[in-house]
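Q: Sequence and predicted structure below; questions after.
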Amino acid sequence: MDLVTIERPKGLSMPARTLPEEALNTQVGYLLVWLEKLLGVKDTPENEKRIKFLVGQIKETAWGLSITQIMDAFKLYVDGKLSENGKYLEPISGFIDTIHFKKVIRAYKNAKAPKMDLKAIVISVNERYNEKGSLRDESQKPINGVSETFDHLYEIGLLPDKKKSKEVTDAYHKRKIAACGYIIAPLIDKKRWFEKEGLKGVPGHKEVIEKIETVKNYSHPEILPLFKLLVLEGYFKKLKKDGKHLKELI
């Protein structure tokens with residue numbers, strides 16, 4: 001399949017999470033144009049909005065992948081070589097949205113990643129909490145396996161569906177607000193420092209303000225991982241208090 005030649009930025013094989021913001025934006029800009037060509041997405045305001053929103057999806061869904069790997073995922077998708085739940089994904093031309101993007105990346109990860117013993121991961125995460133009382137690493141980020149553990153426990157019903165009742169919906173919402181609070185507090189402190197030092201309007205100050213806005217509109221990439229961590233910690237705390245063992249429940 002021939003694509004219009006686009007100038008390739010350097011460092012496309014580096015994981016997205018390791019890139020400085022400026023380099024990430026350059027690479028994502030390249031990826032967006034590339035995807036438009038590959039999928040035949042027409043340059044309409046609606047589609048342009050969808051494509052640009054994928055920047056957030058990369059941070060949420062493909063943060064550990066490189067732009068090259070994301071491109072590889074969509075090449076396999078277009079060639080009809082990616083499957084989910086035993087069925088090959090049917091390529092759709094001229095269209096892409098967040099659900100579309102997530103399906104492709106999820107199928108790619110399942111195809112390329114070594115098969116994990118999911119139960120072992122879940123048990124390991126639970127044991128880590130029982131030992132440390134926390135699911136954070138030394139840098140206060142979620143430890144490996146938190147997202148997979150949350151997704152699995154949610155899927156099998158040990159964590160209730162968010163639509164099960166108003167009580168559950170409210171409880172999840174409180175965790176989401178708490179996650180936002182953890183993220184936004186140091187950003188506000190940093191914003192105030194810039195302003196106190198008379199640096200209002202400098203690039204660093206503007207960048208902090210933009211990050212604060214992503215927290216307020218729930219698009220900051222760290223909200224979902226932290227939300228999952230807080231829900232799991234609350235669940236594991238209750239299990240421990242009740243004298244129950246996750247091994248017996250899964």
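A: Arrived safely.
Q: most remote residue from this structure's center?
A: G198 (35.1 Å; C-alpha atoms, centre = their mean).
Q: So that one: helix, strand or coil?
A: Three-state call for G198 (DSSP: H, G, I helix; E, B strand; the rest coil): coil.
Q: State the distance from L135 to L89.
A: From L135 across to L89, the span is 32 Å (C-beta to C-beta, to the nearest Å). The way it works is simple: take the backbone N, C-alpha and C, and place the C-beta from them, glycine included.
Q: Helix or strand: which one has the most centrally placed residue in the chain?
A: For the chain, the residue nearest the mean C-alpha position is E60 (1.7 Å; C-alpha atoms, centre = their mean). Secondary structure from DSSP states H and E places E60 in helix 45-61.
Q: Skip ahead from that helix and say which helix or strand is next.
A: Moving toward the C-terminus from helix 45-61, the next helix or strand (DSSP H and E) is helix 67-78.
Q: Buried ones in that next one, by neighbour count?
A: 67, 69-71, 73-74, 76-78 (16 or more other C-beta atoms under 10 Å).
Q: Let me see the contact set for L224.
A: E60 (C-beta atoms under 8 Å, 6 or more residues apart in numbering).
Q: Now name the helix or strand holding it.
A: Using DSSP H and E, L224 falls in helix 223-241.
Q: Can I get that helix in CSV, CA atoms only?
A: Backbone C-alpha positions of helix 223-241 (Å, rounded to 0.1, in the frame of the first residue of the first chain) are rendered in CSV as follows:
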residue,chain,number,x,y,z
ILE,A,223,-6.1,10.0,36.0
LEU,A,224,-7.2,6.6,34.9
PRO,A,225,-4.2,4.6,36.3
LEU,A,226,-4.5,6.5,39.6
PHE,A,227,-8.2,5.9,39.7
LYS,A,228,-7.7,2.2,39.2
LEU,A,229,-5.1,2.2,42.0
LEU,A,230,-7.3,3.9,44.5
VAL,A,231,-10.2,1.6,43.8
LEU,A,232,-8.0,-1.5,44.2
GLU,A,233,-6.4,-0.2,47.4
GLY,A,234,-9.9,0.3,48.8
TYR,A,235,-11.0,-3.1,47.8
PHE,A,236,-7.9,-4.9,49.1
LYS,A,237,-8.1,-3.0,52.4
LYS,A,238,-11.7,-4.3,52.9
LEU,A,239,-10.7,-7.8,52.0
LYS,A,240,-7.9,-7.7,54.5
LYS,A,241,-10.1,-6.2,57.2
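Q: quick one: buried residues of that helix?
A: 223-233, 235-236, 239.
Q: next one: stretch 189-200
A: So stretch 189-200, judged by 16+ other C-beta under 10 Å, has buried residues 190-191, 194.
Q: Over to stretch 203-212?
A: For stretch 203-212, by 16+ other C-beta under 10 Å, it's 205, 208, 211-212.
Q: hang on, G56 packs against P221?
A: Yes. Taking C-beta atoms under 8 Å as the definition, G56 is a contact partner of P221 at 6.7 Å.
Q: So if I had to pick from those two, which one is more boxed in?
A: Neighbours were counted for G56 and for P221 using other C-beta atoms under 10 Å; P221 has more, 18 against 15.
Q: which SS state does that one fall under?
A: Quick answer, by three-state DSSP: P221 is coil.
Q: Show the contacting residues for it.
A: 56, 59-60, 63.
Q: For those residues, which two are the farthest from each other?
A: G56 and W63 (10.7 Å; C-beta to C-beta).
Q: now the strands: where do they sit in the chain?
A: Counting by DSSP state E, one finds strands in the chain at the ranges 83-84, 87-88.
Q: so which of those gets nearest K162?
A: Of all the strands of the chain, the one in closest proximity to K162, counting by C-beta to C-beta, is strand 83-84 (22.4 Å).
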